[in-house]
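K.L.:
Mind folding the following:
(chains A, B and C)
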Amino acid sequence: MVEQRLSVIADTDLDRAGLERELEKTWGAQPGFWGMIATVDHKVIARRYIVTAFVFLILGGLLALAMRLQLAQPEARFINPDRYNQIFTMHGSNMMFLFAVPVMEAMAVYLVPLMVGTRNIAFPRLNAFSYWVFLAGGILLWLAFLLDAAPDVGWFAYVPLAGPEYGAGKRADIWAQMITFTELSALAIAVEIVVTVFTQRAPGMSLDRIPLLVWAMLVMAFLVIMAMPAIMFASSTLIMDRLVGTQFYNPAEGGDALLWQHVFWFFGHPEVYIIFLPAVGMVSTILPTFVQRPVFGYLPLVMALIATGILSFGLWVHHMFVVGLPRLGESFFTASSMAIAVPAGIQIFCWLATLWAGRPVFKVPMLFIIGFIITFVIGGLTGVMVASVPFDTQVHDTYFVVAHFHYVLIGGAVYPLLAAIYYWFPKMTGRMMSEILGRWAFWLIFIGFHLTFFPMHILGLQGMPRRIYTYQPELPWGGLNLFVSLSSVMLAAGFLVFFIDAVRSCVHGPKAGENPWNAPTLEWATSSPPPSYNFRSIPVVEDRNPLWSRPGELTVAAGLRTDRRELLVTSVVEALPHARESSAPQSVWPFWAAIATSIMLIWSMFSAWAVVWGSMPIAIALIGWFWPKGAPEEES
Amino acid sequence: MKRTLLLLPVILSGCAGVQSALDAQGQSAILLRNLIFVIVIVCSIVWLAVMAMLFWALLRRDRPKPEDSRTDKPMQTAVIAAVAATVVIITGLTVASFYTTRGLGPVPDVDVTIRVRAQQWWWQFTYEDREPVHAFQTANEIHIPVGKNVRVLLESIDVIHSFWVPSLAGKQDLIPGRENVLTLRAEKPGFYRGQCAEFCGLQHSHMAFVVIAEDEQNYRQWEATQRATPSEPREAEALAGKAVFMARQCSACHTIRGTQATGISGPDLTHVGSRMTIGAGLMENSRGSLAAWIADPQTLKPGNSMPLVPLSAQELRQISAYMESLK
Amino acid sequence: MSASVSRNSSIMLPAILLILFALTAALIAYLREPRQYRTDPPVSEALEGMRLMPNGIAGTPPDVYFALGKPYEKTAYDLSQGKRLYTWFGCAECHGEGEGGKGPSFLDGWWLYGPSMVSIAASIRDGRPHGMPAFGSRITIDEIWQLSGYVKTIGAYSASVNAPARNDDRQTRPAENRAPAASLFDEGPVPVHPDQGPSP
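P.N.:
Numbers count the residues shown, from 1 in each chain, chains lettered A, B, ... in the order given. The predicted structure is shown next:
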């Protein structure tokens, strides 16, 4: 039926090889340097994003090692306090804004179009633009660090320390503007994901058949759309306070220093879930493959994802339990912070049930997922601890909290991410990663992580505050700090093995077939790596695990034109096909628009007039970008 | 978490004067420590239970076939039960937390009121008194009577700091434009170290202070000494040091009551010789460390507000003798 | 789109990228702020050696001032320290927030002893007739230089990127990085107070 309705200038006229040739001609990237710059293929852009984000992970990890070197002994003088403050600020900002959020979004950019069975992400040029803006923000921050002008106010940049009076120089402005760059790119991707999921799903993929990873990415995208404007407001007002003398955060002129904390954490707490929810999606997708059984509790898992997303906006005050808020407010936020443990519990128990009922195969991705469950439960439980106001007054801003959020972020998000890399590496590169090196990486990272971060709980309870560049010899923290520093080398070695494996496997890994893990979702229904047009014909979905229920051949929907880039648009709930729409061809204009935007944003740290003059090149680039080509936009 | 418990004896045997939430010696710190123990124990049990489930799920034999749906029903029951247990535990911990908070409220009867003005990177303490002439200032060190409620008023004159004496009470921020209040009550005499817990800039690491809890009699004696103006130094070297202090840059920033030194941007040095530490907990107080500090504060605590005042060796000796004499 | 771009221009892009990269680097390098917290005693001593003209107006700063790279009038950190010292040493008692009072204004474009750093530093260190006290024994010499650099930014006609921004207090005038003096300059200079020193 689908086929009948769609066959107009059908792709059904061609044989298989001819069809592939035609599609490649239409969707393939142009050769050469400009072709690389101009490409709008979501897979190429996502790969760049992932590689760039992992480069930032390495840089951020090196900063962490530098800090551990400095803290290995009391009153050490390896790094001076000014540099140390820059380093921990860079480590936090870099890991949050240049690694964790971008890498999760990049996984979405790669996987979502494949998993929903479409040919490209929605707004592909915006996608290209977002990568260039992200790259510019990262370069800005790291260039500042190389030149000894990196932000030194912490990744949270509390005023007044980051404000005009106490933050001399351009350091805090660089932090704030780096935020603008990364938020811009994150928002762009979030919009693309929402639109892709809502309008471009394969025919038949109704809302209750969407893979859990796609659900997670969808909720994450909504969190980005709702949380990021808060931080954009915060960073812009900070720059305005510093540059043109507005009074947002000046108590003497009616501003308020605490306003900053409220706005920052209104973003900052959902930020944690922006990183964590994609990880939940990854676990829920990878786990069934390695137990060869559908995940238990699809509906509760989706509900838990949504509940977590909603609750995450009601918790921000638990980062402010010691600022002296009214008792009632504190009690409310204690209760809400505790409550978020319930959806987390649902997720954990559903995964345990899936494991219990299935037949686990202990491949590397599976190991990382088991490591994730062990570690994340600790992080979740320490989260319950810091949700209690009285408990928090003793551990807030101590190493206990440092331990807690590394358990959540590394245990809860990086382990699933590594599992995801091992799992989807064959899809992305066409080659398998090494099982042997993978096991080494897992055990080094798992053991190294716990040896590094578990003792920090104790250090925190022993009274060691965060963000100190040194401590006195008479304080009883020396032994544990040295132990932690030594253990961090083991953790770093684990990551080194992982990177060696990834680079080596890119070149020498054994060839992977279409579906090396016997996975059930659509991205495995095309070759590894997928062609530029993703699917020869758009698959039709009849249940949640299409590749398990119909091994061999999938039903396909045909009828899309092959002589221009065309997508199938389907309805939001039922995913009934209702239109063919053209997808933007490649263009260099997003690149120029990103350069113009970067110039305007960097200039605006120095002069407010940049907003006026700097907008003109952006306008020119946007005109080029949207210049009408006379192609019909939509055909029902 | 269970490792925490195993390590507790090791931690608790730390030396006196340590800052540790587990070495609780104050009324509220003891309440908090009990809460910490309860929550940590409950959470450890939960973690062990989840791990037991995990390993059972991983290692059990006789697995059903994937298409076998008979396991769905018991699994559903098990998951619902586990989630219900989570809700119960979470509710319990929330109630425990509220219960502890009730015990930490402000107290009506206060014996001593101390106003804290935190600044980069030291603590200014003013002992308030109904008679303004009886009020006096000290820096980076407070004395409190044991078993009495001490009200601490928290203010900041520059950026956000956080007042934290883990052995006595939980922390509270000092925020410009606001005033927070904290009650300290030490149950045992001793030295309790406190430290700034909110990142406040370059020397955040070196912004500590000492709380000395002593019995009522010693406390009153100390209070009387602090109120008094120090007597003229007897040693000739110290006397010469006083002259240098007044003639050089020192007196522009520091106050020594009873002299023409009335600067207010640095700590009040009226009784600096009686304090345990100098440089906001940086070093033990002695003539040698005083000399080292005055000779080169920017090497010992880079970026702090005290400039390197070029002094001859003799002037340095004299000034440190004078500082030490200010008991 | 890119089909119209010829292959020859593929050299252009790396070139443009390189230029942009270099520009950004130059921009930040210009603003690079190595913060010097400790002034070596020999440097302090050398900083005392200002060579003033006989009438006490203008002169040459000590050589070491140039050797250090003239930090006191251009690094943001030193300027912000100067601003802090301005409050700490009570400059505002006579000069207000720059608008003057008992002492002359810094905003009216008139520098009784000239606008050079060395004049300002000498005024602070040695004092001037008609009521400006000598602060040489109260403030260390490196702080005097920091203070001088800051005082210069108060009266600057065009704003410096490195000048301090507003402080967290009641505002009486635009912040130093907004060139507070510019508005007064536009209104025309305020008459000199002959009782406060020689006419320029």
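
K.L.:
from here on, contacts and neighbour counts on C-alpha atoms
P.N.:
OK.

K.L.:
Residue 168: how many residues sit nearby?
P.N.:
Using chain A here. Using other Cα atoms under 10 Å in any protein chain shown, A:Ala168 is surrounded by 25 other residues.

K.L.:
You answered for a different chain; I wanted chain C.
P.N.:
Look at C:Asp168: counted by other Cα under 10 Å, it has 23 neighbours.

K.L.:
wait, isn't it in contact with A:Asn250?
P.N.:
Yes. Between C:Asp168 and A:Asn250 there is a contact under Cα atoms under 8 Å: 5.1 Å.

K.L.:
Could you list the contact residues of the stretch 201-327 of chain B toward chain A?
P.N.:
Within the stretch 201-327 of chain B, the residues that sit near chain A (Cα under 8 Å from any Cα of the partner chain) are B:Gly201, B:Leu202, B:Gln203, B:His204, B:Ser205, B:His206, B:Leu282, B:Pro302.

K.L.:
mind redoing it with 7 Å?
P.N.:
B:Gly201, B:Leu202, B:His204, B:Ser205 (Cα under 7 Å from any Cα of the partner chain).

K.L.:
if we take those, which one ends up nearest to chain C?
P.N.:
Nearest to chain C among those: B:Leu202, at 11.0 Å, using Cα to the nearest Cα.

K.L.:
ok, B:Ile45 to A:Val40 distance?
P.N.:
51 Å (Cα to Cα, to the nearest Å).

K.L.:
for B:Glu232, that is, sorry about that
P.N.:
Distance of B:Glu232 to A:Val40, computed by Cα to Cα: 82 Å.

K.L.:
The two: which has the busier surroundings?
P.N.:
A:Val40 (29 against 14).

K.L.:
which residues in chain C form helices?
P.N.:
Using DSSP state H, the helices found in chain C span residues C:12-30, C:41-47, C:63-67, C:76-88, C:92-95, C:117-126, C:141-154, C:180-187.

K.L.:
any idea which of these is most buried?
P.N.:
Among the helices of chain C, helix C:141-154 has the highest mean neighbour count (mean count of other Cα atoms under 10 Å in any protein chain shown), at a mean of 26.

K.L.:
do it and chain B meet?
P.N.:
No. Helix C:141-154 lies apart from chain B when judged by Cα under 7 Å from any Cα; the minimum separation is 8.0 Å.

K.L.:
What lies in contact with that helix?
P.N.:
The contact list for helix C:141-154, computed with Cα atoms under 7 Å, 6 or more residues apart in numbering or on different chains, reads C:44, C:47-48, C:72-73, C:78-79, C:81-83, C:85-86, C:98, C:106-107, C:117, C:120-121, C:124-125, C:163, C:176, C:180-181.

K.L.:
In contact with the residue sitting nearest the centre point of chain A, which residues?
P.N.:
When Cα atoms, centre = their mean is applied to chain A, the residue found nearest the centroid is A:Met104 (2.3 Å). Contacts of A:Met104 were listed using Cα under 7 Å, 6+ apart, and they are A:Ile275, A:Pro278.

K.L.:
Also A:Val541?
P.N.:
A:Ala202, A:Pro203, A:Gly204, A:Met205.

K.L.:
quick one: buried residues of the helix or strand the residue nearest to the centre of chain A falls within?
P.N.:
Under the criterion of DSSP states H and E, A:Met104 resides in helix A:101-115. For helix A:101-115, the neighbour count (16 or more other Cα atoms under 10 Å in any protein chain shown) marks A:101-115 as buried.

K.L.:
do stretch A:614-622 as well
P.N.:
Neighbour-count burial for stretch A:614-622, counted by 16+ other Cα under 10 Å, picks out A:Gly614, A:Ser615, A:Pro617, A:Ile618, A:Ala621, A:Leu622.

K.L.:
Tabulate the helices of chain C (CSV), appending mean pLDDT.
P.N.:
Converted to CSV, these look like this (pLDDT from 0 to 100):
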stretch, mean pLDDT
helix C:12-30, 73
helix C:41-47, 91
helix C:63-67, 90
helix C:76-88, 93
helix C:92-95, 92
helix C:117-126, 93
helix C:141-154, 93
helix C:180-187, 72
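
K.L.:
Including distance to B:Glu131, could those helices go into JSON lines?
P.N.:
As requested, the helices of chain C are exported to JSON lines (distance: least, Cα to Cα, whole Å):
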{"stretch": "helix C:12-30", "distance to B:Glu131": "56"}
{"stretch": "helix C:41-47", "distance to B:Glu131": "45"}
{"stretch": "helix C:63-67", "distance to B:Glu131": "51"}
{"stretch": "helix C:76-88", "distance to B:Glu131": "28"}
{"stretch": "helix C:92-95", "distance to B:Glu131": "29"}
{"stretch": "helix C:117-126", "distance to B:Glu131": "39"}
{"stretch": "helix C:141-154", "distance to B:Glu131": "38"}
{"stretch": "helix C:180-187", "distance to B:Glu131": "44"}
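
K.L.:
distance of B:Ala240 from B:Ser312?
P.N.:
Taking Cα to Cα, one finds B:Ala240 at 13 Å from B:Ser312.

K.L.:
what's the helix or strand harbouring B:Met323 packed up against?
P.N.:
Assigned by DSSP H and E, B:Met323 belongs to helix B:313-325. Contact here means 3 or more Cα pairs under 7 Å, 6 or more residues apart in numbering or on different chains; DSSP states H and E; on that basis helix B:313-325 packs against helix B:236-247, helix B:287-295.

K.L.:
residues in contact with it?
P.N.:
B:233, B:237-242, B:244-245, B:272-273, B:287, B:290-291, B:295.

K.L.:
what does stretch A:15-28 give?
P.N.:
Contacts for stretch A:15-28 (Cα under 7 Å, 6+ apart): A:Asp11, A:Ser532, A:Tyr533, A:Arg536, A:Thr562, A:Asp563, A:Arg564, A:Arg565.

K.L.:
Show me the two of the residues you listed that sit farthest apart.
P.N.:
Farthest pair in those (Cα to Cα) is A:Asp11 and A:Ser532. Separation: 16.4 Å.

K.L.:
Specify the beta-bridge partners of B:Leu184.
P.N.:
Applying DSSP bridges to B:Leu184 gives these bridge partners: B:Val150.

K.L.:
where do the helices sit along chain B?
P.N.:
B:2-12, B:27-59, B:72-102, B:216-227, B:236-247, B:250-253, B:287-295, B:297-300, B:313-325.

K.L.:
can you redo those helices as TSV with mean pLDDT and mean neighbour count?
P.N.:
Listed next are the helices of chain B as TSV, based on pLDDT from 0 to 100; neighbours: other Cα atoms under 10 Å in any protein chain shown:
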stretch	mean pLDDT	mean neighbour count
helix B:2-12	42	13
helix B:27-59	94	19
helix B:72-102	92	17
helix B:216-227	94	15
helix B:236-247	94	19
helix B:250-253	92	22
helix B:287-295	94	19
helix B:297-300	93	18
helix B:313-325	95	22
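
K.L.:
Redo those as a markdown table? Include distance to A:Ala149.
P.N.:
Output for the helices of chain B, formatted as a markdown table (distance: least, Cα to Cα, whole Å):
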| stretch | distance to A:Ala149 |
| --- | --- |
| helix B:2-12 | 40 |
| helix B:27-59 | 41 |
| helix B:72-102 | 43 |
| helix B:216-227 | 45 |
| helix B:236-247 | 38 |
| helix B:250-253 | 31 |
| helix B:287-295 | 29 |
| helix B:297-300 | 21 |
| helix B:313-325 | 36 |
